[in-house]
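# dropping the sequence and predicted coords here.
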Amino acid sequence: MRALLLSVLLMVMVNSLAVASPCRTTSVTEAASSLAEQLASNLTLRLDRSQPVVPTVFVSLDDVETTSPLGRLLAERTADALAQWGFSLSEVRLRAQSLRISPTHGEFALTRQESALISPISAQAVLTGTYAPNGHILHVSARLIHATSHTVLSTADCELVLTPATRASMKPDPGSTHPSATLLSPANPADTRAIQSRLKELGLYRGKIDGIWGKHTQAAVDAFRRIRGIASTQKWDMATQQALLGS
């Protein structure tokens, strides 16, 4: 009996270690598969898998304002793997067919017209991801964010062992960085209307396009920052402007 008990305890410990062990692989496809499995298993809220989940391009923590071939590949492969878990990605398929780099839209890599495909109103969740190199290891993290409440629903991590090909794919896309631009001013009605209009397109602002920077405009900006992983501040900043307006 004692031997049986010890055997059971040993099995539990082995299983626990297996669960706790991080994903580590040289394959982007295997990493994406693991990320999707973790995201599906770690959900804190039950999702309707018939409703769409929309991904953004994974970005480097060293420079979240640029895109790379690796970032696009991670997003596409993770989205494919999520589909195998029964999640609806119909809009993602449409987006993937027209996915291209736009010098003025950073992480999403979409033109203004295409960005309508990823409006939080039209999806139940958004897939976001980042990666950071540490020696020969690339730490990749993914999150599912609720499109309405903007809360984090699930997280996943994987260690991608860097190969020469992977390192090469980490190089930023030509023209994906943002050119210098003038910071808009919330005190300027014309600037505020431009911000309100874009937030309204994304379904985050439901007030009037009146050029007045009030609590509802600030709340919409805060919601946008949470979706994009931008640090919250009471002031309008260039990081938010570039992510929202691409300028």
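Okay, I see it. Residues are numbered from 1 along each chain as shown.
# and the most centrally placed residue in the chain, how far from residue 230?
Closest to where the C-alpha atoms of the chain average out (CA atoms, centre = their mean) is residue 128, at 1.4 Å. Between residue 128 and residue 230 the computed distance is 11 Å (CB to CB, to the nearest Å). Backbone N, C-alpha and C define where each C-beta goes, glycine included.
# what's the answer for residue 169, then?
Distance of residue 169 to residue 230, computed by CB to CB: 25 Å.
# I figured residue 204 hits residue 222, correct?
No. With contact defined as CB atoms under 8 Å, residue 204 does not count as touching residue 222 (9.3 Å).
# can you map out the strands along the chain?
Assigned by DSSP state E, the strands in the chain fall at 23-25, 53-55, 59-60, 125-134, 137-146, 152-161.
# confidence-wise, which of those strands is weakest overall?
Of all the strands of the chain, mean pLDDT reaches its minimum on strand 53-55 (a mean of 82).
# buried residues, that one. List them.
53, 54, 55 (16 or more other CB atoms under 10 Å).
# mind listing what's buried in stretch 141-150?
141, 142, 143, 144, 145, 146, 147, 150.
# buried residues in stretch 155-165?
Across stretch 155-165, burial judged by 16+ other CB under 10 Å covers 156, 158, 159, 160, 162.
# I'd say residue 159 and residue 136 touch.
No. Residue 159 lies out of contact with residue 136 (CB under 8 Å); the separation is 9.9 Å.
# how about the CA coordinates for stretch 201-210, as PDB?
Extracted in PDB, the C-alpha atoms of stretch 201-210 (Å, rounded to 0.1, in the frame of the first residue of the first chain):
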ATOM      1  CA  GLU A 201     -14.100  53.800 -35.900                       C
ATOM      2  CA  LEU A 202     -12.700  51.200 -33.500                       C
ATOM      3  CA  GLY A 203     -15.900  51.100 -31.400                       C
ATOM      4  CA  LEU A 204     -14.200  52.500 -28.300                       C
ATOM      5  CA  TYR A 205     -15.800  55.900 -28.300                       C
ATOM      6  CA  ARG A 206     -19.500  56.400 -28.500                       C
ATOM      7  CA  GLY A 207     -19.800  60.100 -27.800                       C
ATOM      8  CA  LYS A 208     -20.000  63.100 -30.100                       C
ATOM      9  CA  ILE A 209     -17.100  64.100 -32.400                       C
ATOM     10  CA  ASP A 210     -17.100  67.600 -30.700                       C
END
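# which of the residues in that stretch are buried?
Buried residues in stretch 201-210 (16+ other CB under 10 Å): 202, 203, 204, 205.
# ok, residue 185 to residue 168 distance?
Separation of residue 185 from residue 168 (CB to CB) stands at 41 Å.
# about what we covered before: could the buried residues of strand 53-55 go into TSV alongside distance to residue 38?
Below are the buried residues of strand 53-55 laid out as TSV (distance: CB to CB, whole Å):
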residue	distance to residue 38
53	15
54	19
55	15
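# so which helix or strand of the chain has the lowest pLDDT on average?
Within the chain, no helix or strand scores below helix 90-98, which has a mean of 38 by mean pLDDT, DSSP states H and E.
# hmm, back to that, and of the buried residues of strand 53-55, the nearest to residue 213?
Taking CB to CB as the measure, residue 213 lies nearest residue 54 of the buried residues of strand 53-55, at 28.5 Å.
# quick check: the gap between the closest one and residue 144.
Going from residue 54 to residue 144 by CB to CB gives 10 Å.
# in this structure, where is pLDDT below threshold?
For the chain, the stretches flagged by pLDDT under 70 are 1-22, 65, 90-122, 174-181, 246-247.
# 80 - rerun?
Along the chain, the parts satisfying pLDDT under 80 run over 1-22, 63-67, 89-123, 147-150, 173-182, 246-247.
# where do the helices sit along it?
Under the criterion DSSP state H, helices of the chain are mapped to 2-20, 28-41, 69-84, 90-98, 164-169, 189-201, 215-228, 238-245.
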